[in-house]
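>>> sequence plus predicted model, see below.
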Amino acid sequence: MPSIELICVQQHEPSLLPQLPFAVCSEAVLQSHRSPTPLFQSDFDELRGCIYHLGSPFCDEPDYDGAFFAYELFSERCRDASPARFLEFAPQFVAGITSLLSLLLYASPVGLVIFTTDWQFGPHPARRYRQITEHTFWQRHANRRLRLNALYPIRPNA
């Protein structure tokens with residue numbers, strides 16, 4: 001089950017979020033929901049801030065009591081790729097994820113969001129990338145150049 005987790009670096013408490021077309025669980029303890037061996041927990045342990053776990057829309061339903069995961073946020077092309085290498089969001093979620101990322105960049109006292117994906121069917125080893133701007137992140141997304149099982153530090157556009 002894939003996880004998508006964003007850390008709003010140096011944020012003291014989670015932001016109130018607008019209505020989004022997917023589930024979001026936020027907390028001030030930087031603990032990955034991916035188990036049993038999250039790829040980026042050691043990175044999270046070095047940071048302070050709030051974490052935002054993105055989930056498939058059904059994860060928000062009141063009677064849902066299962067795992068919180070983001071599989072439905074991936075495009076069909078991303079889900080069907082064999083081997084799974086690139087991250088591409090389904091079109092109906094792009095605007096919401098864009099909005100959330102912008103909100104968190106604004107909310108971070110240091111203007112930094114750590115964006116991670118962690119999927120057991122994604123490529124190995126995990127990769128950690130240098131800082132990129134929000135614009136570069138979305139350019140890479142459009143060109144299918146975002147990698148699964150990767151950590152991206154994202155800064156606001158200059």
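Nice, I can see it.
>>> all contacts plus neighbour counts: C-alpha atoms, from now on.
Noted.
>>> which positions within stretch 104-120 qualify as buried?
Going by neighbour count (16 or more other CA atoms under 10 Å), the buried part of stretch 104-120 is 104-108, 111-120.
>>> sorry, that was for stretch 68-79
Quick answer for stretch 68-79 (16+ other CA under 10 Å): 68-75, 78-79.
>>> tell me the one among these nearest to residue 146.
Nearest to residue 146, judged by CA to CA, of those is residue 78 at 10.8 Å.
>>> now that closest one: which helix or strand?
helix 76-80 (DSSP states H and E).
>>> now do the phi/psi pair for residue 87.
phi -100, psi 120 (degrees, to the nearest 10).
>>> what about the helices in this protein?
41-45, 76-80, 91-107, 134-142 (DSSP state H).
>>> can you tell which of those is closest to residue 60?
Nearest to residue 60, of all the helices of the chain, is helix 91-107, at 14.8 Å by CA to CA.
>>> surely residue 48 touches residue 9?
Yes. With contact defined as CA atoms under 8 Å, residue 48 and residue 9 form a contacting pair (6.0 Å).
>>> quick one, what contacts residue 74?
By CA atoms under 8 Å, 6 or more residues apart in numbering, the contact list for residue 74 reads 87-90.
>>> please name the nearest non-neighbouring residue to it.
residue 89 (4.4 Å; CA to CA, 6 or more residues apart in numbering).
>>> what's the local residue count around that neighbour?
22 (other CA atoms under 10 Å).
>>> if we can go back for a sec, among the buried residues of stretch 104-120, which one lies nearest to residue 25?
Nearest to residue 25 among the buried residues of stretch 104-120, with distances taken as CA to CA, is residue 104, at 13.8 Å.
>>> surely the closest one meets residue 115?
No. Residue 104 is beyond contact range of residue 115, at 10.8 Å (criterion: CA under 8 Å).
>>> need the contact list for residue 146.
For residue 146, the contacting residues are 86-88, 137, 140, by CA under 8 Å, 6+ apart.
>>> could you measure it against residue 59, distance?
24 Å (CA to CA, to the nearest Å).
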